[in-house]
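In: Could you work out the structure for the sequence below:
(3 chains)
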Amino acid sequence: MSATDCRFPALAAAKKAADAGDFDKAIASSKEAEALAKASIFQATSEKEAWKALEIR
Amino acid sequence: MASTIRVRATSSGETTEVQALIQHPMDSGFVKDAKGEVIPPHFIQELTFEYNGKSVFVADWGAAVSKDPYVKFSFKGGKKGDDLKISWVDNKGATDTATAKIQ
Amino acid sequence: MRSVIHFASAALALAALAFTAVPSAVAADKPDPVTDAKAFKNFFTQKFPKVKLEDFVNGPYSMNEDMHRQWEEKEQFPPYEFSLDMGKEMFSKPFKNGKSYADCFPNKGIGIRQNYPYFDDKEGKVVTLELALNRCREANGEPAFSYVKDEMAALTAYMAFTSRGKPFDIKIPDDPRALEAYQNGKRYFYTRRGQLNFSCATCHVQTPGERIRAEVLAPALGILNAMPIYRSEWSGMGTISRRFTTCNSQIRGVPLNPQDDEYRDLEYYLSYVSNGLPLSGLGGCEKGG
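Out: Modelled structure (predicted):
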């Protein structure tokens, strides 16, 4: 279990399923991991400027 | 080695207020360490405060008391300058005692 | 029912309008820490007019009367005493090579905590006290301590204690890199993150004094002045690094590594805006804030 596995459990689950030969599960898990990654990219980009609205001035 | 018991006792004429902080891991025996092994129970089972040879506070503790327990209580009597004796025994048979002067 | 929904959607539309209107006024300003700090302090003193400026460092204990009373009682026999004693012992003990922490720090390491973090112009980065302590260890052939465990907590506890009462005195040199680090820290503080989509500001600027579950939230002003802090949740003393990483986990975000650039910059920002407020040099609290 690498540090990456701890940070991205969906990816780790995908790898584990693929290693075990359960490809349907692997595909489902990796799609989940992709969705999560996209969500965090969205959050990061949308918050890039949005923080200024919260700032005390 | 420094005592594990820190105590302060203050008399206000009629009653004496006692505060004590005891250094002890108080492991419940339910917690696992990073390797996944259970940390064995290690906790104070009996805590006694004595004044004039008489017990003014006795506690029978179990696993539910947290690390570094703090105790505060008052008892009737107790004169300034007199001794208050505190002692504990844990489940491994270890003990410690301390004596404090009532202020 | 329908009218409530209409009202809510109208309110949301207004909010969206308000939010889009604001950013344009900010633009790409040169960071102005002095004005920021003043605005920061004003915000909190106005929000809590009955709290004296120096009392903000007591966090939730200045936000809630009952908690204040309990805390005052506990201060007679503070739970952090053991960590403090351990820290004093550790600080005085020389390294294997004969040198000691006193050799790495100005004034032998006594009464200097209020100057950290500082901007190191040779390295071009912010240096925190925890980082400086581990660098001192490694420079003298000792293994570094974990930033999130008891030893670093005890050591910083002792050093903070020797500065008890001294006001934070963080300096931002007129160096674009320092200003950028400051700005980074500020940006981190206000940016939402994690599954719960909270920023540091969500709890510590928008809702101090209110509750998150059963705990009372601390205001961001003076929030680092009591670090390191004893938390009942930890049954012990914990460092700034520990609190930053666990705070991130609590909002279901992926925590950074202790002493990563962003955490150092965050500490820089938070310490600077609390300049002038006294170090309470060790705090204790239950769980929150």
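In: Show me the residue sitting in the middle of chain C in space.
Out: C:L224 (3.4 Å; CA atoms, centre = their mean).
In: Verify the stated contact: that residue with C:S271.
Out: Yes - C:L224 is in contact with C:S271 according to CB atoms under 8 Å; the separation is 5.4 Å. Just so you know, the C-beta spots here come from the backbone N, C-alpha and C atoms, and that holds for glycine as well.
In: intersection of neighbour lists for the two?
Out: With contacts taken as CB atoms under 8 Å, 6 or more residues apart in numbering or on different chains, C:L224 and C:S271 have C:F168 as neighbours in common.
In: ok so, going back, quick one: contacts for the residue nearest to the centre of chain C?
Out: C:168, C:240, C:267, C:270-271, C:274.
In: same deal with A:A44?
Out: Counting by CB under 8 Å, 6+ apart, A:A44 has no contacts.
In: One more pass at 10 Å, please.
Out: Neighbour list for A:A44: C:191-193 [criterion: CB atoms under 10 Å, 6 or more residues apart in numbering or on different chains].
In: Quick check: which ranges of chain B have low pLDDT?
Out: B:1-2 (pLDDT under 70).
In: what's the answer for chain A, then?
Out: A:1-7.
In: what about 90?
Out: A:1-37, A:39-57 (pLDDT under 90).
In: near chain C, which residues of chain A?
Out: Chain A comes close to chain C at residues A:3, A:6-8, A:36, A:39-40, A:43-44, A:46-57, as judged by CB under 10 Å from any CB of the partner chain.
In: Now with 7 Å, please.
Out: Counting by CB under 7 Å from any CB of the partner chain, chain A comes close to chain C at A:7, A:47, A:49, A:51-57.
In: one step back: can the contacts of C:L224 go into JSON lines with extra columns for secondary structure, neighbour count and distance to B:V18?
Out: Converted to JSON lines, the contacts of C:L224 look like this (DSSP: H, G, I helix; E, B strand; the rest coil; neighbours: other CB atoms under 10 Å in any protein chain shown; distance: CB to CB, whole Å):
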{"residue": "C:F168", "secondary structure": "coil", "neighbour count": "23", "distance to B:V18": "38"}
{"residue": "C:I240", "secondary structure": "helix", "neighbour count": "30", "distance to B:V18": "35"}
{"residue": "C:E267", "secondary structure": "helix", "neighbour count": "25", "distance to B:V18": "41"}
{"residue": "C:L270", "secondary structure": "helix", "neighbour count": "28", "distance to B:V18": "40"}
{"residue": "C:S271", "secondary structure": "helix", "neighbour count": "27", "distance to B:V18": "40"}
{"residue": "C:S274", "secondary structure": "coil", "neighbour count": "24", "distance to B:V18": "38"}
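In: what number of residues lie near the residue of the stretch 101-250 of chain C found nearest chain B?
Out: Using CB to the nearest CB, the closest approach of the stretch 101-250 of chain C to chain B is made by C:S235 at 4.3 Å. Number of residues near C:S235 (other CB atoms under 10 Å in any protein chain shown) recorded here: 13.
In: need the contact list for C:K125.
Out: C:181, C:261, C:264 (CB atoms under 7 Å, 6 or more residues apart in numbering or on different chains).
In: What residues are bridge-paired with it?
Out: Beta-bridge pairing of C:K125 under DSSP bridges involves C:D120.
In: Now whatever residue of chain C ends up closest to chain A. Nearest residue, chain neighbours left out?
Out: Closest residue of chain C to chain A, CB to the nearest CB: C:Y190 (3.9 Å). Spatial nearest neighbour of C:Y190, chain neighbours left out: A:W51 (3.9 Å); criterion: CB to CB, 6 or more residues apart in numbering or on different chains.
In: Close to chain B: what parts of chain C are there?
Out: So chain C meets chain B at C:76-77, C:79, C:81-82, C:235 (CB under 7 Å from any CB).
In: most surrounded residue in the residues you listed?
Out: C:F82 (22 neighbours).
In: For that residue, what is the enclosing helix or strand?
Out: helix C:81-92 (DSSP states H and E).
In: Show me the longest helix that occurs in chain A.
Out: Looking across chain A with DSSP state H, the single longest helix is helix A:23-54.
In: Residue most distant from the centroid, chain B?
Out: Most peripheral residue of chain B (CA atoms, centre = their mean): B:K35, 31.2 Å.
In: Narrow the contacts of C:K125 to those that are buried.
Out: With burial judged by 16 or more other CB atoms under 10 Å in any protein chain shown, the buried subset of the contacts of C:K125 is C:181, C:264.
In: Which of the contacts of C:K125 sits closest to C:D150?
Out: Nearest to C:D150 among the contacts of C:K125 is C:R264, at 21.6 Å by CB to CB.
In: what's the spacing between the closest one and C:Q70?
Out: 34 Å (CB to CB, to the nearest Å).
In: cool, A:T45 as well?
Out: 44 Å.
In: quick one: which of those two has more around it?
Out: Legend: neighbour count by other CB under 10 Å for A:T45 and C:Q70, higher for C:Q70 (13 against 10).
In: Now do the SS call for the more buried one.
Out: helix (DSSP: H, G, I helix; E, B strand; the rest coil).
In: buried set for stretch C:221-232?
Out: C:221-231.
In: Then stretch C:92-109?
Out: So, applying 16+ other CB under 10 Å, buried residues of stretch C:92-109: C:95, C:100-101, C:104-105, C:109.
In: if we can go back for a sec, quick check: of the contacts of C:L224, which lies closest to C:D150?
Out: The nearest member of these to C:D150, counting by CB to CB, is C:I240 at 14.4 Å.
In: Quick check, the closest one in contact with C:A226.
Out: No - the pair C:I240 / C:A226 is not scored as a contact, 10.5 Å apart, by CB atoms under 7 Å.
In: residue ranges of the helices in the stretch 101-250 of chain C, please?
Out: C:129-139, C:150-161, C:176-190, C:200-204, C:240-250 (DSSP state H, counting those that start in this stretch).
In: Tell me the spacing between whichever residue of chain B sits closest to chain C and B:K101.
Out: The minimum distance from chain B to chain C, using CB to the nearest CB, falls at B:K67 (4.3 Å). B:K67 is 28 Å from B:K101, where distance means CB to CB.
In: If you count surrounding residues, which of the two has more?
Out: Set side by side, B:K67 and B:K101 show more neighbours around B:K67, with 18 against 11, by other CB under 10 Å.
In: List the residues that contact the more buried one.
Out: Counted by CB under 7 Å, 6+ apart, B:K67 has contacts B:25-26, C:235.
In: for chain C, what are the nearby residues on chain B?
Out: So chain B meets chain C at B:6, B:8, B:19, B:21, B:23, B:66-68, B:70 (CB under 7 Å from any CB).
In: Recalculate using a threshold of 10 Å.
Out: Residues of chain B lying near chain C by CB under 10 Å from any CB: B:2, B:4, B:6-8, B:10, B:19-21, B:23, B:25-26, B:66-72.
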